[in-house]
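Visitor: build me a structure from this.
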Amino acid sequence: MFRPMRRQKQVLSPAECDAILARGSSGVLAVSGDDGYPYAVPLSYVYAGGRLYFHCARQGHKLDAVRRCAKASFCVIDQDQVVPEEYTSYFRSVIVFGQVRELTDDARKRAAITALARKYAPDAPDAAADAAIDREWTPLCMLELTPEHITGKQARELASRRENASRP
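Guide: Numbers count the residues shown, from 1 in each chain. Take a look at the predicted model:
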């Protein structure tokens, strides 16, 4: 169902993909938008338990699109170093393909928003994070993307560095 990557030497391992998803601070969610147009929106997220979580309002383009078609992709760029003298960039990125759903169970929704809060405010006292979540709870919607396929790729220059480093 998913295409194999053409440049196999540039493929990132599942562990490398997980590490990128765990450390990334933002990505772009792509869904099927209005009138068949793709809708890609930058989002903050958290990767926990092998799933991606996003927050959104209870109304809007993103939520309408997800309700219409649960299939989505999410891209995280880990590195994008432009190298002008080589007319290229040294990139590393991951794309997750899967199904998105709205979390309706309050316990799962609370766990997801708490994980998101901890990611972006790791030093905040628990009471402060809980108070912020409580303040925004009523209008809060949490989305969960369950991966069906994860692929990662890096520039061939980075791949050859990795290959050379692993040689005795």
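Visitor: contact partners for the nearest residue to S44 once chain neighbours are set aside?
Guide: The shortest distance from S44 to any non-neighbouring residue, by CB to CB, 6 or more residues apart in numbering, is to S26 (5.5 Å). All C-beta spots, glycine's among them, are computed from the backbone N, C-alpha and C. By CB atoms under 8 Å, 6 or more residues apart in numbering, the contact set of S26 is P42, L43, S44, Y45, V76.
Visitor: repeat that with 7 Å
Guide: P42, L43, S44 (CB atoms under 7 Å, 6 or more residues apart in numbering).
Visitor: taking the residues you listed one by one, which sit in helices?
Guide: Counting by DSSP state H, the contacts of S26 place none of their members in helices.
Visitor: tell me where this structure has strands.
Guide: Under the criterion DSSP state E, the chain carries strands at the ranges 27-32, 38-43, 46-48, 51-57, 71-83, 88-102, 140-154.
Visitor: pairing partners for the second one, with directions?
Guide: Counting by DSSP bridges, the strands paired with strand 38-43 are strand 27-32 (antiparallel).
Visitor: mind listing what's buried in the partner strand?
Guide: For strand 27-32, a neighbour-count test (16 or more other CB atoms under 10 Å) marks G27, L29, A30, V31, S32 as buried.
Visitor: between strand 51-57 and that strand, find me the angle.
Guide: Here strand 27-32 runs at an angle of 80 degrees relative to strand 51-57 (axes from the mean of the first three to the mean of the last three CA atoms, to 10 degrees).
Visitor: coming back round to it: turn the buried residues of strand 27-32 into a markdown table, including distance to K71.
Guide: As requested, the buried residues of strand 27-32 are exported to a markdown table (distance: CB to CB, whole Å):
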| residue | distance to K71 |
| --- | --- |
| G27 | 16 |
| L29 | 12 |
| A30 | 10 |
| V31 | 8 |
| S32 | 7 |
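Visitor: these two touch, right, A40 and A30?
Guide: Yes - between A40 and A30 there is a contact at 4.3 Å, judged by CB atoms under 7 Å.
Visitor: what is the burial count for the nearest residue to G24 once chain neighbours are set aside?
Guide: Sequence neighbours aside, V76 is the residue nearest to G24 in space, at 4.1 Å (criterion: CB to CB, 6+ apart). Under the neighbour criterion other CB atoms under 10 Å, V76 is assigned a count of 23.
Visitor: for the protein, what's the longest helix?
Guide: Identified as the longest helix of the chain according to DSSP H is helix 106-120.
Visitor: okay then, goodbye and thanks.
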